[in-house]
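Have a look at this fold, sequence not included:
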């Protein structure tokens, strides 16, 4: 699956669980994610998730997607996992700090929606931090996501005062 961002070529691929190198690249990205947002949310559950990759995003109900540039450098990732009924959850969208605001998050989310559709899901859900990432919330809205009621209990609750926003869209 190939997508082009607004400023540079971005290639998004589905990580195969047996591809140890690609799984390690996602692990490194999620460790950056943990260092960035861990103190606010998910610090109790994310280390275990990172250690168990490619779970909980393994086929047949899930997928990990990774974005790379023309040189093969990792730019970002996103996971898809089963949620409820015919819905999936987009989880752990992360774009490296030095390449943000180049359309890579949008490319990853479009690829995730395409992948989820191909897997038979009819709806995508996600949780985000509106105070910490207002630009990401705007991107989600521009992709058709709307605010929704909570759909899942998150084991790693956010720190006091951290607002979570639940969003969803049909596929």
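Received, thanks. Everything numeric in this text was worked out from a predicted model, so none of it was measured.

residue contacts, residue 72?
If you count contacts by CB atoms under 8 Å, 6 or more residues apart in numbering, residue 72 has none. Where you see a C-beta, it was placed from the backbone N, CA and C, and this is true even at glycine.

Next, please give the residue ranges for the strands of this structure.
2-4, 9-14, 63-68, 74-82, 87-95, 123-128, 146-147, 165-170 (DSSP state E).

Helices of the protein, residue ranges please.
20-37, 46-51, 104-118, 134-142 (DSSP state H).

What is the shortest one packed up against?
Spelled out, it's helix 46-51. helix 20-37 (3 or more CB pairs under 8 Å, 6 or more residues apart in numbering; DSSP states H and E).

in the helix it packs on, what counts as buried?
For helix 20-37, a neighbour-count test (16 or more other CB atoms under 10 Å) marks 22-23, 25-26, 29-30, 32-34, 37 as buried.

Same list (the residues you listed) but as TSV, adding pLDDT and distance to residue 116.
Formatted as TSV, the buried residues of helix 20-37 follow (pLDDT from 0 to 100; distance: CB to CB, whole Å):
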residue	pLDDT	distance to residue 116
22	96	19
23	96	20
25	97	21
26	96	17
29	96	20
30	93	19
32	92	24
33	89	20
34	88	24
37	76	23
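
Serialize those residues to JSON lines and add fields for distance to residue 132.
Shown next, in JSON lines, are the buried residues of helix 20-37 (distance: CB to CB, whole Å):
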{"residue": "22", "distance to residue 132": "28"}
{"residue": "23", "distance to residue 132": "27"}
{"residue": "25", "distance to residue 132": "24"}
{"residue": "26", "distance to residue 132": "22"}
{"residue": "29", "distance to residue 132": "18"}
{"residue": "30", "distance to residue 132": "17"}
{"residue": "32", "distance to residue 132": "15"}
{"residue": "33", "distance to residue 132": "12"}
{"residue": "34", "distance to residue 132": "14"}
{"residue": "37", "distance to residue 132": "7"}
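
And those, which is closest to residue 103?
residue 29 (17.3 Å; CB to CB).

Relative to residue 53, how far out is the closest one?
With distances taken as CB to CB, to the nearest Å, residue 29 is found 10 Å from residue 53.

Residue 164 too?
For residue 164, the distance to residue 53 - CB to CB - is 23 Å.

what about those two, which has more around it?
residue 53 (18 against 14; other CB atoms under 10 Å).

pLDDT weak spots in this structure?
Within the chain, the segments meeting pLDDT under 70 span 1-8, 39-44, 152-162.

contacting residues around the nearest residue to residue 140 once chain neighbours are set aside?
By the measure of CB to CB, 6 or more residues apart in numbering, the closest residue to residue 140 outside its immediate chain neighbours is residue 167, 5.5 Å from it. When contacts are counted by CB under 8 Å, 6+ apart, residue 167 touches 125-128, 137, 140, 145-148.
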